[in-house]
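*Asks:* Generate a structure from the sequence data that follows.
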Amino acid sequence: MPRPSVTALTLLLMTAAPAAAKPLHYLLDPSQSEVGFSVDVGQSPLKGRMPVASADLILDFDKAAASRIRVTLSPGGAQMGLPFATGAMKSPEVLDTARFPAISFESIRVRPTDSGAEVEGRITIRDVTRPITLQARLFRPEGSAEGTREALTVKLSGAVNRSEFGATGFADMVGDRVELNISARILLQN
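*Replies:* Numbers count the residues shown, from 1 in each chain. All right, here's what the predicted structure looks like:
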């Protein structure tokens, strides 16, 4: 009986199992990205936004655990609905943006869920690092073809307690829990 050639075996192996997709590298479009947040100030929440300074994302659509996310925020550029609230938020009693000009996040685990992914990581505010879990969903541009991955929007939600980071100022007027609503436009790098 003739033995199959190396070329025939290679062809058989290549067609028997699909090639593993590799992780994709994305960079942030800062002009289309921001961190929205809200805090309780009595009967209604006070909303604000903070610019995303940079983000580096490695996304693996076939193996979520291989994904990695690093983000840096600029609290000095944050704005709230009321000018005096913006000043209070940046003051030494809360974010102390003069001493701590950046907030950073780094993922440690990404797990797929029915509606997207759960991103566990570490957030650093005022040089204090704590764990955080964010719920993530990816969206492709409206009208784009199924499977398009060149430009995506990532929506994340979660919360932090500001007291855990020493941002305790104005506790008699502002709640401890800060709700996060993040929208990031990411672009595939070649």
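*Asks:* Pick out the residue closest to the middle of this structure.
*Replies:* Central residue of the chain (CA atoms, centre = their mean): Leu156, 6.1 Å from the mean position.
*Asks:* which SS class is that one?
*Replies:* The assignment at Leu156 comes out as strand when based on DSSP: H, G, I helix; E, B strand; the rest coil.
*Asks:* any idea how far Leu59 is from it?
*Replies:* Leu156 sits 13 Å away from Leu59, going by CB to CB, to the nearest Å. C-beta here means a position set from N, CA and C on the backbone, and glycine is covered the same way.
*Asks:* Show me what the residue nearest to the centre of the chain is bridged to.
*Replies:* Under the criterion DSSP bridges, Leu156 forms beta bridges with Ala136, Ile182.
*Asks:* so it touches Ile132, yeah?
*Replies:* No. Contact between Leu156 and Ile132 fails when scored by CB atoms under 8 Å: they sit 10.2 Å apart.
*Asks:* Where does the closest residue to Phe170 other than its chain neighbours fall, secondary structure wise?
*Replies:* The spatial neighbour of Phe170 that comes closest, neighbours along the chain excluded (CB to CB, 6 or more residues apart in numbering), is Ala88 at 5.7 Å. Ala88 is part of helix 83-90, with elements assigned from DSSP states H and E.
*Asks:* hmm, who's touching the next helix or strand along the chain from that helix?
*Replies:* Using DSSP H and E, the next helix or strand after helix 83-90 towards the C-terminus is strand 103-112. The contact list for strand 103-112, computed with CB atoms under 8 Å, 6 or more residues apart in numbering, reads 50, 64-65, 67-73, 75, 95, 117-125, 132, 136.
*Asks:* Throw together a ChimeraX command that grabs the buried residues out of those.
*Replies:* Buried residues within these, as defined by 16 or more other CB atoms under 10 Å, are selected in ChimeraX through the command that follows:
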select :50,64,67,68,69,71,72,73,75,95,117,118,119,121,123,124,125,132,136
